[in-house]
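Student: Here is a sequence together with a model predicted from it:
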Amino acid sequence: MTERALQPAAAGGQADPLRAELRAAQEALRAAEAELAAEQAAVNAFRMHARLMLDDLADAILLLRARKQALLTELALAAADDDPLGPPLDAATDAPPAADDLLLPTDTPRDRAAEKRLFRELARRFHPDLAGSAGELAYRTSVMATVNSAYAAGDIGALYDLAGELEPGELRELDLLDTREARQLREQLLRCRRRQRKVARQLDELRRETTARLWRKARELDEPNENWWAAVRRELEAARARLGEEVAVLEALRPQSETAPRP
C-alpha cells in the first residue's frame, strides 16, 4: 500500500516530523515483534505437551491421511486410463486434506487465484515500462525480476514481502526531500513499516495454524485439566474412525487385479 505523501515543509524542517514518525513506527514494530515472539513460544510449548498427551492418535491420523491420499491418487490414475478425456487428476490429487482433527498442523491450501491477483497488482506497480527516469527504470526492473521468480516458484510469502517494497512514487518523494538526513529518515520509516506488515502477516499465519487454534481454546481455561484433554482425545478418536471408514470405502473401490486365466 502506498504510504501517504509527505506534506510540504519549510526548508530544513522536514527532519523533525520524520523523526517523530520514525520513533512511533519503531515502538509499534517492537510491540508487534514481542507479541509474535511470545505467541510463537507459547504455541510451541503447548505443541510439545499436546504431542505427549495425544501422540498415538496423531500418528494414527497421519498414517490414515497418507493412505487415503495414496488411494485417491491410484483411483484417479485408473479413471484416467479408462477415460483419457475425463476430469483432470488434480480433482483428486490436489484436494486439501480434510480438517479431521484440531491438532495436526496442515499447510494452508494454495490460493492460486489470490496469487495471480497479487502478481498482477505487483506487475502494475513495478512494470519497467512505467519508469520516468533511469534510476527508476533500474529499480522497477530489479523488483519485477524478483516478482517473476517468486510467482514462478509459487512463493506467496515472497510475493507478499515484495508488496511491501518501496513504491516507485516513493522514490520520487525521496528526491523531493531537501536534506540527506530527511531522505535517510524517510527510508528508515518505510523499512520499519514494511517490517510491521511482515510481522502482522506472520502472526496471522500462526493464528490460522491448527495447533495455535487448539492452544487458544485451552487458554480459555485457567489450566487445561484431564477432563479437557479427555474431550480432545475423544474428538481425535472420532476423526480417526471417520478416516478409517473413508479408507475402507476407497480400498473397496480399488480395481481388482485380474487373477483368472485369459481365454
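Tutor: Arrived safely, thanks for sending.

Student: low-scoring stretches of the chain, by residue?
Tutor: Under the criterion pLDDT under 70, the flagged ranges of the chain are 1-13, 81-111, 166, 170-178, 221-226, 257-263.

Student: any idea where the helices of it begin and end?
Tutor: Assigned by DSSP state H, the chain shows helices spanning 15-82, 90-93, 112-126, 134-152, 156-163, 168-176, 180-208, 210-219, 226-253.

Student: In a markdown table, list those helices along with mean neighbour count.
Tutor: Where C-beta positions appear, they are placed from N, C-alpha and C, glycine not excepted. A markdown table is the format used below for the helices of the chain (neighbours: other Cβ atoms under 10 Å):
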| stretch | mean neighbour count |
| --- | --- |
| helix 15-82 | 15 |
| helix 90-93 | 13 |
| helix 112-126 | 14 |
| helix 134-152 | 15 |
| helix 156-163 | 17 |
| helix 168-176 | 15 |
| helix 180-208 | 16 |
| helix 210-219 | 17 |
| helix 226-253 | 14 |
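
Student: so Leu72 touches Leu253, yeah?
Tutor: No: counting by Cβ atoms under 8 Å, Leu72 does not reach Leu253; the two are 10.0 Å apart.

Student: And the contacts of stretch 150-159?
Tutor: With contact meaning Cβ atoms under 8 Å, 6 or more residues apart in numbering, stretch 150-159 is reached by Arg110, Asp111, Ala114, Glu115, Leu118, Phe119, Leu122, Thr146, Val147, Leu162, Arg201.

Student: Ok, stretch 241-252 next?
Tutor: Ile61, Leu64, Arg65, Arg67, Lys68, Leu71, Leu72, Leu75, Ala98, Asp100.

Student: Apply 6 Å and report the result again.
Tutor: If you take Cβ atoms under 6 Å, 6 or more residues apart in numbering as the criterion, stretch 241-252 is touched by Leu64, Arg67, Lys68, Leu71, Asp100.
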